[in-house]
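# Give the three-dimensional model of this entry:
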Amino acid sequence: MNGFVKVLTAMLVIAVAFVAGCKKPDAPNNGGNDNNGNDTIINNGDDSLIVHDFVDLGLPSGTLWATCNIGANKPEDCGDYFAWGETQPKEVYDWKNYQYGNLVYDHFELTKYCTDSSYGLNGYVDNLVVLEPFDDAATANWGSEWRMPTKEEWKELYMKTTCIHAIQNGMSGWLFTASNGSSLFLPAAGFCIDDGPICTGLGTYWSSSLHIDYLDRGWSFHFDSDECHVCGTYERSRGQVVRAVRVAR
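Take a look at the predicted model:
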């Protein structure tokens with residue numbers, strides 16, 4: 001009897017994990033690929049299996065893109081919002097509660113990711129320009145195989161695919177289609193300043209790259225209903241969504 005209970009429990013854990021994950025779409029235009037997409041299964045520390053779907057766009061770098069945002073259950077969902085360098089969503093996004101610095105009047109007091117002493121608290125400098133794994137929202141939430149894209153990887157996605165504005169299940173966004181027929185949908189999730197999301201048809205997705213000329217900012221991929229931009233920069237304290245990437249094994 002005990003053996004039967006153990007087997008039944010294990011089957012239920014696996015079934016729940018698959019329901020909780022971001023599922024593969026039925027067709028390429030539904031945010032993923034019906035031929036080349038795959039699942040990655042990770043252990044999140046509490047022995048439960050979590051499945052996250054990704055799509056192979058045939059990019060030169062071999063980068064594989066997740067089919068939904070961190071915190072989302074399907075490609076057109078917005079998911080969670082994160083300040084740059086933070087790994088948990090919160091109710092208010094401003095400099096007063098930003099983890100790695102503050103803005104006092106017109107003077108920044110950064111405590112991490114700072115290459116210029118004039119931006120650092122008491123002259124602090126660490127010369128870090130890319131998020132470390134424990135400050136990466138993708139790694140922290142999905143495991144070590146996942147991370148946030150760099151500025152260069154966002155540029156590659158933009159340059160090596162054909163992108164068009166699209167509406168998916170009522171959600172505005174952009175569809176990126178690769179030469180191998182695979183596609184990726186990014187919803188226009190907007191962003192958060194202070195205590196609420198601002199969803200006005202904009203898409204602003206964090207990269208893991210710091211803007212080295214304006215250290216209060218991180219690089220982002222940006223689009224609206226008319227066009228998308230390779231990268232823009234936004235204050236690190238504001239909340240934006242994250243689309244994770246991983247590399248082929």
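
# can you tell me how far Ser182 sits from Thr161?
9 Å (C-beta to C-beta, to the nearest Å). C-beta: built from backbone N, CA, C; applies to glycine.

# scratch that, Cys78 is what I was asking about
Going from Cys78 to Thr161 by C-beta to C-beta gives 22 Å.

# Check Arg236 too.
For Arg236, the distance to Thr161 - C-beta to C-beta - is 28 Å.

# Where does pLDDT dip in the protein?
Residue ranges of the chain with pLDDT under 70: 1-49, 200, 249.

# Run through the helices of it in chain order.
2-20, 137-142, 151-159 (DSSP state H).

# List the buried residues in stretch 159-169.
Residues of stretch 159-169 classed as buried by neighbour count (16 or more other C-beta atoms under 10 Å): 160-161, 163, 165-166, 168.

# Could I get the contacting residues of Ala83?
By C-beta atoms under 8 Å, 6 or more residues apart in numbering, the contact list for Ala83 reads 90, 93, 98-99, 236-239.

# again, 10 Å this time
89-90, 93-95, 97-100, 137, 192, 206, 218, 235-240 (C-beta atoms under 10 Å, 6 or more residues apart in numbering).

# Quick one, which of those residues are buried?
The neighbour count (16+ other C-beta under 10 Å) marks 89-90, 93-95, 98-100, 137, 192, 206, 218, 235-240 as buried among these.

# taking those residues one by one, which sit in strands?
192, 206, 218, 235 (DSSP state E).

# could you dump stretch 219-233 to PDB, C-alpha only?
Output in PDB follows, covering the C-alpha atoms of stretch 219-233 (Å, rounded to 0.1, in the frame of the first residue of the first chain):
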ATOM      1  CA  TRP A 219      19.400  48.600 -21.700                       C
ATOM      2  CA  SER A 220      15.900  47.400 -22.900                       C
ATOM      3  CA  PHE A 221      14.200  46.200 -26.000                       C
ATOM      4  CA  HIS A 222      11.300  48.600 -26.900                       C
ATOM      5  CA  PHE A 223       8.400  48.600 -29.200                       C
ATOM      6  CA  ASP A 224       5.000  50.300 -29.800                       C
ATOM      7  CA  SER A 225       2.200  49.700 -32.200                       C
ATOM      8  CA  ASP A 226       4.100  51.300 -35.100                       C
ATOM      9  CA  GLU A 227       7.700  50.200 -34.800                       C
ATOM     10  CA  CYS A 228      10.200  48.300 -32.600                       C
ATOM     11  CA  HIS A 229      13.600  49.500 -31.600                       C
ATOM     12  CA  VAL A 230      16.800  47.500 -31.100                       C
ATOM     13  CA  CYS A 231      17.300  49.000 -27.700                       C
ATOM     14  CA  GLY A 232      16.300  51.800 -25.400                       C
ATOM     15  CA  THR A 233      17.400  52.800 -21.900                       C
END
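
# Next, work out how far apart Ser183 and Trp65 are.
10 Å.

# And the two? Which one has more around it.
Neighbours per residue (other C-beta atoms under 10 Å) separate Ser183 from Trp65, with Ser183 holding more: 26 against 22.

# Am I right that the more buried one is in contact with Ala166?
Yes. The pair Ser183 and Ala166 qualifies as a contact (C-beta atoms under 10 Å) at a distance of 9.5 Å.

# OK, contacts around Ala239?
Not Ala; residue 239 is Gly. Going by C-beta under 10 Å, 6+ apart, the list of residues near Gly239 reads 80-84, 86, 89-94, 189-194, 196-198, 204, 206.

# mind listing the strands for this structure?
With strands called from DSSP E, the chain shows them at 38-43, 49-56, 63-66, 101-104, 107-110, 162-168, 171-177, 183-187, 191-193, 196-198, 203-210, 217-223, 228-235, 245-247.

# can I get the ones you listed in TSV with distance to Val125?
What follows is those, written out as TSV (distance: least, C-beta to C-beta, whole Å):
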stretch	distance to Val125
strand 38-43	35
strand 49-56	36
strand 63-66	31
strand 101-104	13
strand 107-110	9
strand 162-168	38
strand 171-177	37
strand 183-187	35
strand 191-193	28
strand 196-198	33
strand 203-210	13
strand 217-223	17
strand 228-235	20
strand 245-247	29
